[in-house]
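S.K.: Build the 3D model from these lines:
(chains A and B)
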Amino acid sequence: MLAVMRGVIVRDLTLAWRRRSDVFTSMIFFVIVASLFPLGIGPEPKLLLAIGPGVVWVAALLASMLALSRLFASDYADGTLEQMLLAATPLSVIVIAKVIAHWIAANLPLVLIAPLLGLQFGLPADALAVLALALALGTPSLSLIGAIGAALTLGLRGGGVLLALLVLPLYAPVLILGSLAVEATAAGLFAQPYLLLLAALSLGALSLAPWAVSAALRISYE
Amino acid sequence: MIYIKLSLPNALQDSAMPSATPPTTPHGINWFKYSSPQAFFPVAGALAPCFAVLAAVLCVVGLYIGFFIAPNDAQQGESYRIIFIHVPAAWMSMLIYLVMAFWAGMGLAFNTRLSGMMATALAPTGAMFTFLALWTGALWGKPTWGTWWVWDARLTSELLLLFLYFGFMALQAAIDDPRRADKAGAVLALVGVINIPIIYFSVQWWNTLHQGASVSLKSAPTMAMTMFTGMMVMVFACWAYAIAAALWRVRCIILERERRSDWVNAYLEAQK
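M.R.: Okay, the predicted model is just below:
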């Protein structure tokens, strides 16, 4: 089972590496969205410091969501996904492997570049560290919950917008806790409770979401 | 219990063949009889008008109590009277989502078509009550808090609930095959049901502007008895309305989906 997991992760990462421009596109999207806010709101440092954590989180949410359609689409198009459904390995295990690979390819770059964006908004150094940590703890649950939406909308017309409608309301708790963690640090308070809750959300999603994703995938192949 | 097990194959067979007659078991009640759309259709037709009449009567009684019997509020004056629709609508918005998720889960577990149809039929009513709760809340917030909208935890979660309803309906609308639409919607409803406890406990978690619950099962209500009576009558009116609307809608869905079966054609012929 672990061999299958490793195989799927390596395969998906290789595929992502061969199509590096996809990864860079969502990263650049993340940077552009976050950079547009100061242009729209004005360069007032106090204001930027106040909205910074939330803006970076919202941009990360959107960038992570835009990458979701890549999760199953190409495997669905060329029939690989059907073979995964037929495989002897439990589908939820394959799903976990695919989500891990997707997280590394699509969300890890966001985690790494986020401190740079935080710097643009004038966040203090410890808040930058907490921002990266909160994103690292929170984005796995985004990938896991998003995988449910991606599986449900597989092969539907208007999939992209529909996916946003399904997934974004479910992202709300992660957004709230994630930006609260950064804001608390910037205000000199403890971020630990929020980080723990973010980790709890990710672990809860890890234990429940793969089942929902496999059920949704089987439904779309009926 | 054993009767349910005995009759399960019949019910599944029945749901696979819409034109088959409902199964009858010689012992006890066959709980699965009414899981067949054909058997449920006339029952829904008989129950829906009863609940509609009940809803109208309760609504008149509740509004009479609310407008003419219940006293003024010491702080809020007359403006509090919107509670008689606001609180029932907010309760119904959450309850209907739970009922919808229940039917969705039943549909996934027992593979019965009627369960999915019930979930589909409940969604628009639930979305309507959610919208009503937000709308009346805005109307109530203006005179008492001085603002139409605040980003309070409970309001925000109610708004998210509305988005969940929209997502459920949009997903089902995007899928052409009704069976796939039912199952995909069921998965989404079960995932979304996690949001209901967040709504309910959000007042305790992020205690902000919204007042805490005035009514609980453990303690006596903190409001006057007539206010409480009027509100509860309105709650039951909303229940009856929701049941009537869902039954009416499920009848339309049954006719639409079973339009190729003999019994629907016979029914439509008889209607002419």
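
S.K.: burial count for residue A:29?
M.R.: 16 (other C-beta atoms under 10 Å in any protein chain shown). For the C-beta atoms, the positions are set from N, CA and C on the backbone; glycine is no exception.

S.K.: Spell out which residues belonging to chain B are near chain A, please.
M.R.: B:108, B:156, B:160, B:163-164, B:166-167, B:170-171, B:174-175, B:177, B:179-180, B:183-184, B:187-188, B:190-192, B:194-195, B:198 (C-beta under 8 Å from any C-beta of the partner chain).

S.K.: let's see it at 7 Å
M.R.: B:160, B:163-164, B:166-167, B:170-171, B:174-175, B:180, B:183-184, B:187-188, B:191, B:198 (C-beta under 7 Å from any C-beta of the partner chain).

S.K.: ok, of those residues, which come out buried?
M.R.: Among the residues of chain B next to chain A, those classed as buried by 16 or more other C-beta atoms under 10 Å in any protein chain shown are B:160, B:163-164, B:166-167, B:170-171, B:174-175, B:180, B:183-184, B:187-188, B:191.

S.K.: In strands, which of the residues of chain B next to chain A fall?
M.R.: Assigned to strands by DSSP state E, none of the residues of chain B next to chain A qualify.

S.K.: Most widely separated two among these?
M.R.: Taking every pair in the residues of chain B next to chain A and measuring C-beta to C-beta, the maximum separation is 28.6 Å, between B:180 and B:198.

S.K.: what's the distance between the residue most central in space within chain B and chain A?
M.R.: Against the mean C-alpha coordinate of chain B, by C-alpha atoms, centre = their mean, the closest residue is residue B:96 at 3.1 Å. For residue B:96, the distance to chain A equals 17 Å [C-beta to the nearest C-beta, to the nearest Å].

S.K.: ok, now residue B:103?
M.R.: In terms of C-beta to the nearest C-beta, residue B:103 sits 16 Å off from chain A.

S.K.: contacting residues for that residue?
M.R.: The neighbourhood of residue B:103, defined by C-beta atoms under 7 Å, 6 or more residues apart in numbering or on different chains, consists of B:115, B:118-119.

S.K.: Look up phi and psi at it.
M.R.: phi -60, psi -40 (degrees, to the nearest 10).

S.K.: Equivalent analysis for the one 4 residues further on, please.
M.R.: Listed backbone geometry of residue B:107 is phi -60, psi -40, with angles given as degrees, to the nearest 10.

S.K.: Skipping adjacent residues, who's closest to it in space?
M.R.: residue B:115 (3.4 Å; C-beta to C-beta, 6 or more residues apart in numbering or on different chains).

S.K.: Pull up the residues of chain A that are close to chain B.
M.R.: So chain A meets chain B at A:148, A:152, A:156-158, A:162, A:165-166, A:169-170, A:172-173, A:212, A:215-216, A:219, A:222 (C-beta under 7 Å from any C-beta).

S.K.: Give me the subset of these that lies in helices.
M.R.: Using DSSP state H, A:148, A:152, A:162, A:165-166, A:169-170, A:172-173, A:212, A:215-216, A:219 are the members of the residues of chain A next to chain B that sit in helices.

S.K.: Apply the buried test to those residues and list what passes.
M.R.: Buried positions within these, assessed by neighbour count (16+ other C-beta under 10 Å), are A:148, A:152, A:162, A:165-166, A:169-170, A:172-173, A:212, A:215-216, A:219.

S.K.: Can you name every helix or strand that the helix or strand where residue A:131 lies contacts?
M.R.: In the assignment (DSSP states H and E), residue A:131 maps to helix A:125-152. Secondary-structure packing of helix A:125-152 (3 or more C-beta pairs under 7 Å, 6 or more residues apart in numbering or on different chains; DSSP states H and E): helix A:45-68, helix A:70-78, helix A:91-102, helix A:108-120, helix A:159-186, helix A:192-220, helix B:178-192.

S.K.: to the chain's geometric centre, what's the distance from the helix or strand containing residue B:96?
M.R.: Taking DSSP H and E as the criterion, the element that holds residue B:96 is helix B:83-110. What separates the centre of helix B:83-110 from the centre of its chain is 4 Å, taken as C-alpha atoms, centre = their mean, to the nearest Å.
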